[in-house]
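Colleague: next one to model:
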Amino acid sequence: MSVVFSGFEQKQFTQVTDDGPINIAYQIGGSGPPLLLLHGFPQTKAIWEIIAPVLAKNYTVIASDLRGYGESSKPHGKADHSTYSKKALAADQHALMQSLAYKQFFLLGHDRGGRVSHRLAMDYPESVLRLMVLDISPTLFMYDNTTMEFAKGYWHWFFLIQAEPVPETMISANPEFWLKNHMGRYAGTGIFSPARWAEYLAGMCDPQSLHAMCEDYRAAATIDLVHDRADRAANKKLSMPLRVLWGEQGLVNQCFEPIKDWQAVANEVSGKALACGHYIPEELPNELITEAQQFLI
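Modeller: Below you'll find the predicted structure:
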């Protein structure tokens, strides 16, 4: 049972892809310029429960489940991990917005959703008016600059990319233990409402979703890097304004310099640290709403 936002409609979009028919579940509400919200791992569109209804006063808000997450399709990954490449996931979301007749839109992504947003903005620059990403530096930069501190803190990056079915089997032995350890290791799980927590746990307990999440990370360490390096070699940069927000208590703040890191791949970058950890939409929703309303104009 998915978390339903106040005043929003739950819908499904279906398209035929190289991986077969893909259904993307989304909620839509509000009026005004279109704003697409993309969640991260190991969550769903439910992360926007607090902020989506407020933003819907000024925007037509579309919050979707990425392929492999929530109520969206979860195909088994191909050997080259292309099924869950950020290019494929970005194409899903771009097709969704085109199906709604939104040729241009604002884009806000957290965590893995931020990485999908990066790829979407790179592949479809004419569609993204402004881009906001939460608590990430570019994937290629983070892998190329991995330190002991980063590897110890983000050890799941290196665990989830192990060959199938190693991480799937180990996590499935006790999904709730994994989720509590991963999402609550710094500040506990109290920031997640019971309904949202139940939705996140349901995904971790679903073998298809668990496999898809692992494939998301396997793609990030393989085919996504190929795409990112090709962009760097061609000196391609994001042309739209980009704003990055990150948690001052999180590992991105400790190990990276997000504004400087994003300047390597984008022409116009601004941003700042917020007084929170990784889960900005649920830890500091009011601050995020203010930032979004000021930037996405």
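Colleague: list the contacts for the residue positioned nearest the centre of the chain?
Modeller: Nearest to the mean C-alpha position of the chain, counting by Cα atoms, centre = their mean, stands Gly113 at 1.3 Å. By Cβ atoms under 8 Å, 6 or more residues apart in numbering, Gly113 lies in contact with Leu37, Leu38, His39, Gly40, Leu66. Any C-beta I mention is one placed from the backbone N, CA and C, and that applies to glycine too.
Colleague: cool, and Val133?
Modeller: So Val133 contacts Leu108, Gly109, His110, Gly114, Ser117, His118, Leu242, Arg243, Val244, Leu245, Trp262 (Cβ under 8 Å, 6+ apart).
Colleague: and those as a markdown table, adding pLDDT, secondary structure and neighbour count?
Modeller: Listed next are the contacts of Val133 as a markdown table, based on pLDDT from 0 to 100; DSSP: H, G, I helix; E, B strand; the rest coil; neighbours: other Cβ atoms under 10 Å:
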| residue | pLDDT | secondary structure | neighbour count |
| --- | --- | --- | --- |
| Leu108 | 99 | strand | 30 |
| Gly109 | 98 | strand | 27 |
| His110 | 98 | strand | 28 |
| Gly114 | 98 | helix | 25 |
| Ser117 | 98 | helix | 28 |
| His118 | 98 | helix | 27 |
| Leu242 | 98 | strand | 27 |
| Arg243 | 98 | strand | 23 |
| Val244 | 98 | strand | 24 |
| Leu245 | 98 | strand | 25 |
| Trp262 | 98 | helix | 25 |
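Colleague: now these as CSV including distance to Ala275?
Modeller: Shown next, in CSV, are those (distance: Cβ to Cβ, whole Å):
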residue, distance to Ala275
Leu108, 20
Gly109, 21
His110, 17
Gly114, 20
Ser117, 23
His118, 25
Leu242, 22
Arg243, 17
Val244, 16
Leu245, 11
Trp262, 21
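Colleague: among those, which one lies nearest to Lys236?
Modeller: Nearest to Lys236, judged by Cβ to Cβ, of the contacts of Val133 is His118 at 11.6 Å.
Colleague: that closest one touches Lys86, doesn't it?
Modeller: Yes: applying Cβ atoms under 8 Å, one finds His118 in contact with Lys86, separated by 7.2 Å.
Colleague: overlap in contacts of the two?
Modeller: Thr139.
Colleague: could you point out which element follows the strand or helix carrying Leu36?
Modeller: Taking DSSP states H and E as the criterion, Leu36 maps to strand 34-38. As assigned by DSSP H and E, the chain's next helix or strand after strand 34-38 is helix 52-55.
Colleague: partner strands of the next helix-or-strand element following that following helix, parallel or antiparallel?
Modeller: On the C-terminal side of helix 52-55, the closest following helix or strand by DSSP H and E is strand 60-64. In the sheet, strand 60-64 lines up against strand 20-30 (antiparallel), strand 34-38 (parallel) (DSSP bridges).
Colleague: what does the average pLDDT come to for the shortest one?
Modeller: Per-residue pLDDT over strand 34-38 has a mean of 99.
Colleague: quick one: contacts of it?
Modeller: 45, 48, 52, 55, 59-64, 66, 93, 96-97, 100, 102, 104-110, 113-114, 116-117, 292, 296.
Colleague: in ChimeraX, select just the buried ones from those.
Modeller: Command for ChimeraX, covering only those of the contacts of strand 34-38 found buried under the criterion 16 or more other Cβ atoms under 10 Å:
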select :45,48,52,55,59,60,61,62,63,64,66,93,96,97,100,102,105,106,107,108,109,110,113,114,116,117,292,296
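Colleague: coming back round to it: for Tyr124, find the nearest of the strands paired with strand 60-64.
Modeller: Between Tyr124 and these, the shortest gap by Cβ to Cβ is with strand 34-38, which sits at 11.4 Å.
Colleague: distance between that closest one and the chain's centre?
Modeller: 11 Å (Cα atoms, centre = their mean, to the nearest Å).
Colleague: swap in stretch 8-28?
Modeller: Centroid separation between stretch 8-28 and its chain, computed with Cα atoms, centre = their mean, is 17 Å.
Colleague: and stretch 196-209, by the same measure?
Modeller: Using Cα atoms, centre = their mean, the mean C-alpha position of stretch 196-209 is found 16 Å from that of the whole chain.
Colleague: could you pull out the buried residues of that stretch?
Modeller: Arg196, Trp197, Glu199, Tyr200, Leu201, Gly203, Met204, Asp206, Ser209.
Colleague: circling back: would you mind finding the most buried of the strands paired with strand 60-64?
Modeller: strand 34-38 (a mean of 26; mean count of other Cβ atoms under 10 Å).
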